[in-house]
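# The following block contains a protein sequence and its predicted model.
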Amino acid sequence: MSENSTAPGNGQQYWRSLQELAGSTEFTISVEKEFPSGIEAPDGLSRRRFLQIMGASAALATMAGCRWPREEIMPFAERPEGMTPGKPLKFATTMELGPVALGVLATSYDGRPIKIDGNPDFPLSLGATSAFAQAGVLDLYDPDRSRHVVRRGTVRPGLMGSRATWDDFLAFAGGHFPGLRGGGLAVLTEASSSPAVSGLMEQVGRKYAGAKFYYHEPVCRVNEIKGARLAFGTAAKTLLDVSKAQVIVDFDANILQDHATALRNSRQFARGRRPESGHMNRLYVFENTFTITGGMADHRFPTPATQIDAAAWALAAELVLGEGLPLPLGAGVSRAGLEAWRGHSAGGAHLKALAADLMAHRGHGLLVAGMRQAPETHALLHVLNEALGNAGTTVSYLPFAMPSLGTIADLAGDLNAGRIKTLVILGGNPVYDAPADLDFAAALQKAGTRIHISPREDATSQLCHWHLPRAHYLESWGNASAWDGTLMSVQPLIEPLFGAKTVTELLSVLVDDQPRTAHRIARDSFHQLAGGSGTAPENDSRFEKRWQAFIHDGFLRGSGRNGQPLALAGAAIAAPPAPPALSAGNLELSIHHDQSVFDGRFADNAWLQEMPDFMTKLTWDNAALLSPATAEELGVGHEDLVELEFRGRKQEMPVYVLPGQAKYSVSVLLGYGRSDAGRVGKGAGFNAYNLRTGDALHGGAGLKVGKTGRKYKLATTQDHHAIDQAGRDEIQKRVPGLVRQGTLAEYTEHPEFVDHLGIHSPPLKSLWKEWDYTGYKWGMAVDLNSCNGCNACIVGCQAENNIAVVGKDEVARGREMSWIRLDRYFLGDPEDPECAQQPVACTQCELAPCEQVCPVAATMHTREGLNAMVYNRCVGTRYCSNNCPYKVRRFNWFNNFEDLTETQRLVLNPDVTVRARGVMEKCTYCVQRIESARVAARVEGRGIRDGDITPACAQTCPSEAIVFGDLNDPDSRVSKLREVNRSYDLLNYLNIKPRTFYMARIRNPNPAIAPVAMHGGDHGTGHGQDAGHGGGHEQEAHGHG
Amino acid sequence: MKASATDYLNNTVDDPTRPQELILGGNDFTTITEKVSDIVLERKTPLAWYVAFALTSGLTAIMFLMIGYLFVKGVGVWGLNNPVGWGWAIVNFVFWVGIGHAGTLISAILFLLRQKWRTSINRFAEAMTIFAVVCAGIFPGIHVGRVWVVYWLFPIPSYQAMWPNFRSPLLWDVFAVGTYATVSLLFWYTGMVPDLATLRDRAKGRLQQIIYGFFALGWTGSHRHWHRYEKAYLLLAGLATPLVLSVHSVVSFDFATSQIPGWHTTIFPPYFVAGAVFSGFAMVGTLLIPARQWFGLKEIITLHHLENMNKIILATGSMVGFAYATEFFIAWYSGNPNESFAFINRAFGPYAWAYWIMVTCNVVTPQLFWFKKLRTSVPVMWIMYIFVNIGMWFERFVITVTSLSRDFLPSSWAYYRPTPVDILTFVGSFGLFFTLVLLFIRFLPMVAMAEVKTVMPIADAHSGTRRSVGDYHGDIPEHVRRKGDL
């Protein structure tokens, strides 16, 4: 890449847009179309075809700003300047998940996207990504994606449509849509933040009189918006600034994972919990099932979902009536109205202490409710935030115009009334995920013509006359707007693999006489939003520059808006109905989206299916989650297949007994049991949508659990079998030494308390002179105070390191391949346990036990201290794995890549060996990244600097829990962390000298609330032995510091 | 059979006034030779042999089918999982190697200790050793992930210009088992040469004469031959003796030098050796009892022999029991919590059933051999041998699997279950073992005739019985003697 790039220099020279390339190249020969334009590969993408596409993509990269619109395909007779074959390039683009847009950098390897990372400049992620974003790239290569347009003359169940082309559809549209100008057109969209889409929708509305627009998103944030409208009289998004919050109260909001700005929240939350630098916030969580936020809570109150609204009102009553918090002007609630809630049982026993804590931290508190809470509760919390002075610091608002769209229920009504002639469905899969009481499949068929654009032929497509393949975001031009209003760009890295189209292109067919390409639409949209002058883009050279900067950066700098405090509007906020009394005969159904398949859209994503749920460790399935006491009372056990009956609807589901689940609350997860899924998702789990009705989208009381007497095998990555009493006792004894943690008070009093936990050993000495690491000495810090268990590292590692997916049966056998795993332990009362998370990957022991037992010397130490695996020397005795005390080695029991289709293979990272059957593998500290950093440093004639190397897990981590670097460099971040007194080595007494070390977790419980005894007995014993072992501690904890 | 007819077969009561009678029934050199060699040469192969052979070779075929399936699909066809990287294959390996101990112990150590009673059973025991080692040798070879490069375990020069890792106990295993197999085979074969010559001389078929003749290495029974033979035998016995102790010690290093709680114990080498002898004698007994019954060898393999074996089983069984107790004691005494849990987990964890089978079969039931009545009752002892075989297999299972299934980090704990492939492969290995035993019975002298003759009263210069001086071949058939070789 030359320095005279047309993109504005911003210090991020290691990634760039294709435009940057285009600006610097002279390679502008236009070549005749050599291949047919429609990319159709009926039986998998052939290698030849891939090479064509790859060539096309790379070659078109040199065409200023019009790559796939022109679709030229040319061989590299000469290598274009700035294009090095085999050298990955990074491009900024945007992934949308519902209405939430996330800026990402996509790595392209010879024209094929293989990895997604966060865009470090994007203010709402700061370079982090979620597991969904990490796994998104796999969807691009889903072998079950639609490969062509499908036309159905008549729609009957099981009837295959006939194969058609986009031109066929255009021909049909040309004749069909003009007839709808007088009415009868309806458009159903899924949530999208794209201004280009909404602009086109407006045009549709203008062009087609009486056109109706509906919106359906099964995981819906509308309550948050409605709550703000209720409180402030205007629709507004809520923006959090967790960094300023010292006391956070989370009412089922899961601010670290489900909130729209969860990635930024995670980072700010983690940064607010560094006790050695004096920051320590406190988190209270009310929730019915464990979320990662609940796992991080200093105080978690397991509360049935139907009582969380009441808990919020009880807290309000305590604050206002108990603590005397004055209600602000326009509050919408009165002291009298709160009277009834004072001391309500839903709030639990510790509300007083909680209220006092909030009062003591006025201006630095934060109350937030989740998307499943009633709008009134959101409004109430807005009032409380205002009253406590938090508004403007920890929480602010962004008013926006909420488009008035019909709901899916409105649509079903209009369909049934015969008011809709033609229905255009833009994404989504309402036949699967619409509320069960609507019987949407039947309603849908009342429309005369149905058109559906979606990535694959799903249940909805099968009932539509036209199915149009939808482009993946990595194939699309477009735009989006982030939660703070930042204008985001979506740019493709690859030509659509199967001739898929974007939503904007479909809408363009409706509104434009000459349908525009997605690229054109995106440019026009940008021009309209940020073009500045009235000149057409073609004639405005300044526009071109702005556009390229926009594409390069991935977002328009400065387009994000700051939130502001809003004045309360004074509308009365209705109190929630009294929560129902729950019992074994009147259970509560609580419906959640899933953290693996979301609402079902990722059901065909094998990485996410195999990603263990952070708390249940369940893969490939969902289950009905019950607390141990509830299960016992109902007489059901783990893996019992039960029949859930909720308001007349029934669904079978296996039981998973989850400690910490609220009593009498049964949580079910959406997104599974998709009969329309492809080869990956088929047969995974049970469809919870069958229980979901329009009036109880998040569940409610009235659930009955009936036994079927059958069992259903669940595949978990931990606790593969029921643990016996001896094992349970041992776990309780052992965990305090493994996941070391203490309270802030303990830490302040005994800053070295960490060294007194765990197994005590005599001073550890070596019998021989150990290797002297004089060069780089790689090490890694894992901060358990920051890690919340979000799983992003697991998928990030999987994408980076070509880790195989093995399927449910193999996971059930304990053969999952993931190199990094999150160990989850429960401690204490099974009804209200503490949860400890610990990411464990190969720790690269200096005295690695695996190395000495390998008979063929296939695992060896490098001079920089990596415990290297020589795959082609490994014969697979598995002795290394047996001798590994962390059990982080993974064996290829079969040829795990055998069944991958040609398309699926495209996602593999060419920098990482694809492991054969019969060899052992494990975490390498992303050695390929170390080596490429070494090359880069050598080219520049310098040493590797701290921060040059970021392993995939550390790169994706939203809470910066993982830090990698050179332990021989005293200024590196990892060396500094090593010096922090919270650092300790896992299993240090084995004298294996792991290079990965952990930072103890510090909890900050409210002293007014009795803290849960985390390490009571063991810690006491530890102190008793201190005198005798004082010398050993220094050695064992900092033996190689 | 009438009581009077079998009384003479009970030689388990020592009469201090007379030398111990090891061979009963008034046999002389001729009858011994006839009784043993006729099984091979004269007697019609019983139908039962064919039935048994069909059965065992069928099982062997199943084993090879399973191995073929394994090679095609991968080690995943077994029930192994992430913490439990070694399962039945390694259990079976240690089990079979252990069984292979009795032969060399009987041949070598008892030979050096001048235990005359060994002569009746040593051939059988040695043969069993070889076959057990053959069965054992299969498993480490097939259990590796990439079986097509298993030869990298051997220190042979290759294009990779790389030696194996001499620090790895698995490599020591290769050497220990390899040496043991080689020496055992040599020992067995060397001891068999005079008997092969006997078979050659008595064989009537041309093919038999050629084959036995080839393997008899031109044995004539000359003094020079006998002289060299005795020297070689003594030397091999000397060589084999340390191997008896070393091979299972080295096998135990696979476990003892690793750091898994339950494996990492210094008691393993002696404990493994005692266990191996224990299981080996049980397996010898398991096979001998039917063999002496069916082939009319009760006068040669007497109750006295069996009783001596039972005493050894009692002794080694008690050693094994002591080792179990010591392990528990040290687990507690060391104060290492992981070690303590490994043993609590064995006895009370998910594999408690296996542990208590092991304890019952290995420690409790052999104590019945304190009673002479039980120790000299053939049905009782045979049942006991079966118990010991089961118990010793479970001992290896308990050590290998329970330790791995729950080590340091509770997050990686898992339960191991074998698949049908595991089970059929193991059952098939018994098929292979018994197939080899059947072939041995059918084609080779199952009692060391030449050696047995040395312990007969007739061979004793002071017994007063007539003997042909300097020649144990007093029974050379007429047609041979007429050739005037002697």
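Structure's in. What do you need? Residues are numbered from 1 along each chain as shown, chains lettered A, B, ... in the order given.
# Which positions within stretch A:394-414 qualify as buried?
Applying a neighbour-count criterion of 16 or more other C-beta atoms under 10 Å in any protein chain shown, one finds A:394-399, A:405-409, A:411-412, A:414 buried in stretch A:394-414. Bear in mind the C-beta positions are built from the backbone N, C-alpha and C, glycine included.
# Over to stretch A:979-993?
Neighbour-count burial for stretch A:979-993 [16+ other C-beta under 10 Å]: A:980-993.
# Same check on stretch B:181-188?
Applying a neighbour-count criterion of 16+ other C-beta under 10 Å, the buried positions in stretch B:181-188 are B:181, B:183-184, B:187-188.
# Just put the residues you listed in JSON lines and tack on pLDDT, distance to chain A and secondary structure.
Formatted as JSON lines, the entries for the buried residues of stretch B:181-188 read as follows, by pLDDT from 0 to 100; distance: C-beta to the nearest C-beta, whole Å; DSSP: H, G, I helix; E, B strand; the rest coil:
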{"residue": "B:A181", "pLDDT": "88", "distance to chain A": "18", "secondary structure": "helix"}
{"residue": "B:V183", "pLDDT": "88", "distance to chain A": "22", "secondary structure": "helix"}
{"residue": "B:S184", "pLDDT": "87", "distance to chain A": "23", "secondary structure": "helix"}
{"residue": "B:F187", "pLDDT": "88", "distance to chain A": "27", "secondary structure": "helix"}
{"residue": "B:W188", "pLDDT": "88", "distance to chain A": "28", "secondary structure": "helix"}
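# now these as a markdown table including distance to A:A211?
Rendered in a markdown table, the data for the buried residues of stretch B:181-188 read as follows (distance: C-beta to C-beta, whole Å):
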| residue | distance to A:A211 |
| --- | --- |
| B:A181 | 85 |
| B:V183 | 92 |
| B:S184 | 90 |
| B:F187 | 96 |
| B:W188 | 94 |
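# got the contact list for A:R221?
Applying C-beta atoms under 8 Å, 6 or more residues apart in numbering or on different chains to A:R221 gives the contacts A:98-99, A:260, A:371.
# what's the spacing between it and A:L784?
Counting by C-beta to C-beta, to the nearest Å, the separation of A:R221 from A:L784 is 31 Å.
# what do you get for B:N336?
Taking C-beta to C-beta as the criterion, B:N336 is separated from A:L784 by 25 Å.
# Of these two, give the one with the bigger neighbour count.
Ranked by neighbour count (other C-beta atoms under 10 Å in any protein chain shown), B:N336 and A:L784 place A:L784 first, with 21 against 17.
# Just list the residues touching that one, thanks.
Applying C-beta under 8 Å, 6+ apart to A:L784 gives the contacts A:739-741, A:836-838, A:961, A:998-1001.
# switch the cut-off to 10 Å
Neighbouring residues of A:L784 by C-beta atoms under 10 Å, 6 or more residues apart in numbering or on different chains: A:739-741, A:836-839, A:961, A:982, A:984, A:998-1002.
# just the residues you listed that are near chain B?
Checked against chain B using C-beta under 10 Å from any C-beta of the partner chain, the contacts of A:L784 give the following subset in range: A:739, A:838.
# With respect to A:R267, which of the contacts of A:L784 is nearest?
The shortest approach to A:R267 among the contacts of A:L784 belongs to A:A961, at 10.1 Å (C-beta to C-beta).
# So that closest one is in contact with A:N788, correct?
Yes - taking contact to mean C-beta atoms under 10 Å, the distance of 7.9 Å between A:A961 and A:N788 places them in contact.
# Tell me how chain A divides into domains.
Using automatic domain parsing, the domain parsing of chain A gives A:18-145+A:477-499+A:515-553, A:169-218+A:403-469, A:222-399, A:587-716, A:725-763+A:777-1038.
# could you dump those to JSON lines with mean pLDDT?
Listed next are the domains of chain A as JSON lines, based on pLDDT from 0 to 100:
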{"stretch": "domain A:18-145+A:477-499+A:515-553", "mean pLDDT": "70"}
{"stretch": "domain A:169-218+A:403-469", "mean pLDDT": "89"}
{"stretch": "domain A:222-399", "mean pLDDT": "89"}
{"stretch": "domain A:587-716", "mean pLDDT": "91"}
{"stretch": "domain A:725-763+A:777-1038", "mean pLDDT": "85"}
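# Quick one, which of those gets closest to B:P420.
Using C-beta to C-beta as the measure, domain A:725-763+A:777-1038 is the one of these that comes nearest B:P420, at 14.1 Å.
# quick one: contacts for the closest residue to A:L325 other than its chain neighbours?
Using C-beta to C-beta, 6 or more residues apart in numbering or on different chains and skipping the chain neighbours, the partner closest in space to A:L325 is A:L319 (4.4 Å). Contact partners of A:L319, counting by C-beta under 10 Å, 6+ apart, are A:325, A:327, A:338, A:351, A:354-356, A:358-359, A:365, A:367, A:384, A:387-388.
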